[in-house]
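Chemist: Turn this into a model:
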Amino acid sequence: MKGRTFWVLALALLAGGGVIGWQSYQARLNALPPGFAAGNGRVESVQVDVTTKEPGRVETILVHEGDMVRVGQIVAKMDTVTLQAELARAQADIAQEEAKALEVEADIAQAQSQLKLAEVEFARERNLLARKATSREDYDIKETLAKTRSAALDGEKARLNTARKSVEAAKAEAAKIQSRIDDMTLKSTVEGRVLYRLAEEGEVLGSGGKVLSLVNLGDVYMEIYLPAQDAVKAKLGAEARIVLDVAPEYAARAKVSFIAPEAQFTPKEVETRSERDKLMFRVKLSVPPERILPVIERIKTGIRGVGYVRLDDSAVWPERLDRPFPGAAPAPTAAAGKPESGGVAEGQAATASRPETPAPRH
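Modeler: From the prediction side, this is the model:
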């Protein structure tokens, strides 16, 4: 009995030692070499609302929740019946003002002919007066008539200028109404996915009413928190990697695009070394757009993972952090000479584009 108990205990010790040894081996395998820092986070993206510029009725919505949209794609249309009527009225005003301008141009042509005739008669009368073949009274009459015709022509030209300004004003009003009509066609300003459909067809919305909420998948990033001793070494533009929990065998290339200027989790009174170690700085790791586009339809926000930052430019990325996602466009890495990692790949279901702040990894 004692012998069997001994062997059971021995086997248990061997198994426990094997587990501990394996865990120790995995810890050494996953340990970061000097010159790198890491922190927990999750994939996030900016949320963009598609809103109305002025009050109106929703005529049609062309997309559904979960649909991918492109920049400039029409996603919804507002009713424009009233605006179309206003545009027709404005176009009629343009035609009316242009007709008035044509009438003034005809009056100018007539005034020019009358002035020319008056100037010819005045010149003839001046020659006759020089030869004393006419009276001074007739000369004065012809001179006054020429001046009157000249003043009349100037008046007609002033009317033409006013008429042309009226035409321009009418066209500006029509252009304004047309611009309002164009604004009633709602377009996506980002490459992304429809997150929420906030209105339905036939619903009347006020100015700034929200129709859709989009996740901008062209601006994908992860926010992590680093302790002060690592944050001071991190630099804007430094290379980074994002490893997702759902795909730990791949790493997405990113860059440090933001480092918080102020620490967070700061005690009111920092007195001890342990309290100073609680200082954490928010660091944003952005995925370049060229890495996102090849896999944009597979991107999901809200996926948790770990972000890695290279603190030393001469440090070489470990092989496990230099594996691109399948389908991502590779690019040479200057330091390691290996293919660059790709964009953030598909994972679990999407969540809100700006989730609650993830807890820092200690």
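Chemist: And the strands in the stretch 1-150 of the chain?
Modeler: 36-51, 56-61, 68-69, 74-78 (DSSP state E, counting those that start in this stretch).
Chemist: Select the longest helix from the chain.
Modeler: helix 81-130 (DSSP state H).
Chemist: got the angle for that one vs strand 56-61?
Modeler: 110 degrees (axes from the mean of the first three to the mean of the last three C-alpha atoms, to 10 degrees).
Chemist: elements contacting helix 81-130?
Modeler: helix 136-183 (3 or more C-beta pairs under 8 Å, 6 or more residues apart in numbering; DSSP states H and E). Bear in mind the C-beta positions are built from the backbone N, C-alpha and C, glycine included.
Chemist: For the helix it packs on, enumerate the helices and strands it packs against.
Modeler: Packing partners of helix 136-183 (3+ C-beta pairs under 8 Å, 6+ apart): helix 81-130.
Chemist: starting at the chain centroid, how far to the helix it packs on?
Modeler: 50 Å (C-alpha atoms, centre = their mean, to the nearest Å).
Chemist: returning to that earlier point: let me see the mean pLDDT of the longest helix of the chain.
Modeler: Taken as a whole, helix 81-130 has a mean pLDDT of 91.
Chemist: cool, and stretch 177-187?
Modeler: Mean predicted confidence for stretch 177-187 is 95.
Chemist: The biggest strand by length in the chain pairs with which strands?
Modeler: Assignment by DSSP state E gives strand 210-227 as the longest strand of the chain. With DSSP bridges as the test, strand 210-227 is paired with strand 36-51 (antiparallel), strand 192-197 (antiparallel), strand 280-286 (antiparallel).
Chemist: Quick one: name whatever helix or strand follows that strand.
Modeler: helix 228-231 (DSSP states H and E).
Chemist: Heading C-terminal from that next one, find the next helix or strand.
Modeler: Next element after helix 228-231 (DSSP H and E): strand 239-244.
Chemist: Please name the residues that touch F122.
Modeler: K142, E143, L145, A146 (C-beta atoms under 8 Å, 6 or more residues apart in numbering).
Chemist: now with 10 Å?
Modeler: Y139, I141, K142, E143, T144, L145, A146, K147, R149 (C-beta atoms under 10 Å, 6 or more residues apart in numbering).
Chemist: quick one: which of the strands of the stretch 1-150 of the chain is nearest I299?
Modeler: Among these, the nearest to I299 by C-beta to C-beta is strand 36-51 (7.5 Å).
Chemist: Could you check the closest one and say which residues are buried?
Modeler: 36-48, 50-51 (16 or more other C-beta atoms under 10 Å).
Chemist: next one: stretch 87-98
Modeler: For stretch 87-98, by 16+ other C-beta under 10 Å, it's L87, A90, Q91, D93, I94, E97, E98.
Chemist: Between those residues, which sits nearest Y308?
Modeler: L87 (57.0 Å).
Chemist: what's the spacing between the closest one and A109?
Modeler: 33 Å (C-beta to C-beta, to the nearest Å).
Chemist: do E249 as well
Modeler: From E249 to A109 the distance is 85 Å (C-beta to C-beta).
Chemist: ditto for S135
Modeler: With C-beta to C-beta as the criterion, S135 and A109 are 33 Å apart.
Chemist: again, but for V232
Modeler: V232 is 81 Å from A109, by C-beta to C-beta.
Chemist: With A133 instead?
Modeler: Applying C-beta to C-beta to A133 and A109 gives a distance of 33 Å.
Chemist: Those two: who's more crowded?
Modeler: A109 (12 against 9; other C-beta atoms under 10 Å).
Chemist: Distance of the more buried one relative to A123?
Modeler: 22 Å.
Chemist: One more: A315?
Modeler: 97 Å.
Chemist: the more surrounded of these two?
Modeler: For the pair A315 and A123, the greater number of neighbours falls to A315 (16 against 12), based on other C-beta under 10 Å.
Chemist: Let me know the helix or strand that that one is in.
Modeler: Using DSSP H and E, A315 falls outside every helix and strand.
Chemist: mind checking how far it is from K300?
Modeler: On the measure of C-beta to C-beta, A315 and K300 end up 30 Å apart.
Chemist: got a list of what Q114 touches?
Modeler: L145, A146, T148, R149, S150, A152, L153.
Chemist: now with 6 Å?
Modeler: R149 (C-beta atoms under 6 Å, 6 or more residues apart in numbering).
Chemist: Offset the numbering so it begins at 13, please.
Modeler: Noted, 13 is the first residue going forward, which turns the last one into Q126.
Chemist: For the closest residue to F293 other than its chain neighbours, the count of nearby residues, please.
Modeler: Spatial nearest neighbour of F293, chain neighbours left out: A243 (3.6 Å); criterion: C-beta to C-beta, 6 or more residues apart in numbering. When neighbours are counted by other C-beta under 10 Å, A243 registers 21.
Chemist: A243 is in contact with M292, isn't it?
Modeler: No: contact criterion C-beta atoms under 6 Å: A243 and M292 do not qualify, at 7.8 Å.
Chemist: Tell me where the model's unsure across this protein.
Modeler: Under the criterion pLDDT under 70, the flagged ranges of the chain are 13-43, 277-290, 305, 308-309, 338-374.
Chemist: Now for R209, how many residues are close by?
Modeler: The number of residues packed around R209, counting by other C-beta under 10 Å, is 19.
Chemist: Same check on the one 4 residues further on?
Modeler: As a burial measure, E213 scores 12 neighbours (other C-beta under 10 Å).
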